[in-house]
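Undergrad: Just need the structure, nothing else, for what follows:
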Amino acid sequence: MHGDRVPHEPHLAGVIRSPLNGGIRSGKVGADSTFPPNDERHGLDVSEGRAAFRLAQVEQMRGPLTRDGRSMTQAALSWILTLSDRTIPIPGFKTVAQVEELVAAADLPPLDDDQLALVDDLAAMPAP
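TA: Predicted structure coming up:
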């Protein structure tokens, strides 16, 4: 059962804004992605720097985190939900299909210890 990985104070919760990091953690953004002028990510170059580093981390996680059929979006949300039963991710969405994918993540089992260790190890790597 999740909930024991992060110590917490009684009656406090964490609200995680942008848990998908503007789509980077969803696995749907690639190094050649561009964004329209009405998108808050417009002008973001994901082919270099910190964003490219995050994309590389997502690719290292893709196989292990999706081996049970969950999407990368669902894996990112599952990671947050596995950390503590007092975390509330607030992901963005643009379509009904995205909402359905997000909601389905709540019904998936927590990530296992190997999956959590992989994310922990990659998250500990300093970004450029």
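
Undergrad: Mind jotting down where the strands sit in this protein?
TA: Secondary structure of the chain, counting by DSSP state E: strands at 14-17, 87-90.

Undergrad: Would you convert those into CSV that also reports mean neighbour count?
TA: All C-beta spots, glycine's among them, are computed from the backbone N, C-alpha and C. Shown next, in CSV, are the strands of the chain (neighbours: other Cβ atoms under 10 Å):
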stretch, mean neighbour count
strand 14-17, 12
strand 87-90, 16
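
Undergrad: of all the ones you listed, which lies closest to Ala105?
TA: Distance to Ala105, taken as Cβ to Cβ, is lowest for strand 87-90 among these, at 8.7 Å.

Undergrad: re the thing from before, kindly reformat the strands of the chain as TSV containing mean pLDDT.
TA: TSV is the format used below for the strands of the chain (pLDDT from 0 to 100):
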stretch	mean pLDDT
strand 14-17	88
strand 87-90	89
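
Undergrad: just so I know, which of the ones you listed lies nearest Gln74?
TA: strand 87-90 (11.2 Å).

Undergrad: who does the closest one pair up with?
TA: Strand 87-90 has the following sheet partners, assigned by DSSP bridges: strand 14-17 (parallel).
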